[in-house]
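Visitor: curious how this folds, go ahead:
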Amino acid sequence: MPDRLMHAVFAFLALVIIPPDRRIEWQPGIPGGVPHYPFAVNVKDAPFSARGDGAADDTAAIQAAIKACPDGRAVHLPAEARYQAIAAARAAKSTAP
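Guide: Okay, the predicted model is just below:
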C-alpha cells in the first residue's frame with residue numbers, strides 16, 4: 001500500500017475509532033521553538049576522542065564529554081560519524097539553559 005494511501009487510511013480510522021471528546025489538536029514543533037545551546041565540547045576531539053566509526057564503543061567518550069560540558073552548553077556529535085554506545089549515557093547536570 002503506498003504511503004500516502006496508508007496515511008489516509010490511518011487518519012480515517014483515527015476519526016472513527018477515537019471519540020470526539022478524546023481527540024486533541026496536534027501541532028508540530030516545540031512551543032517557543034527549539035532551544036539553542038552553543039557547542040562547548042566536540043566528542044571527537046581530545047581528550048574524549050570518540051571514534052565515530054560505527055564499530056568502536058564510544059560510550060565512555062560520550063559520557064566524558066557530557067560530564068565535561070558546562071551548564072547551558074551542548075556536546076557536539078558530528079553528524080557525518082556513526083556512534084555506537086553500548087551502555088546508556090547519563091546526564092547528571094541541569095538541562096535548563
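Visitor: longest helix in the protein, please.
Guide: Looking across the chain with DSSP state H, the single longest helix is helix 3-17.
Visitor: enumerate the positions of that helix that are buried.
Guide: Counting neighbours by 16 or more other C-beta atoms under 10 Å, one finds that helix 3-17 has no buried residues. C-betas here are computed from N, CA, C, even on glycine.
Visitor: now it: average pLDDT?
Guide: The average of the pLDDT scores along helix 3-17 is 73.
Visitor: for stretch 34-52, same thing?
Guide: Mean predicted lDDT for stretch 34-52 stands at 92.
Visitor: so for stretch 30-44, what gets flagged as buried?
Guide: In stretch 30-44, counting by 16+ other C-beta under 10 Å, buried: Val41, Val43, Lys44.
Visitor: from those, which is closest to Ala85?
Guide: Val43 (10.6 Å; C-beta to C-beta).
Visitor: report the separation between that closest one and Gly72.
Guide: Val43 sits 18 Å away from Gly72, going by C-beta to C-beta, to the nearest Å.
Visitor: now Ile17
Guide: For Ile17, the distance to Gly72 - C-beta to C-beta - is 44 Å.
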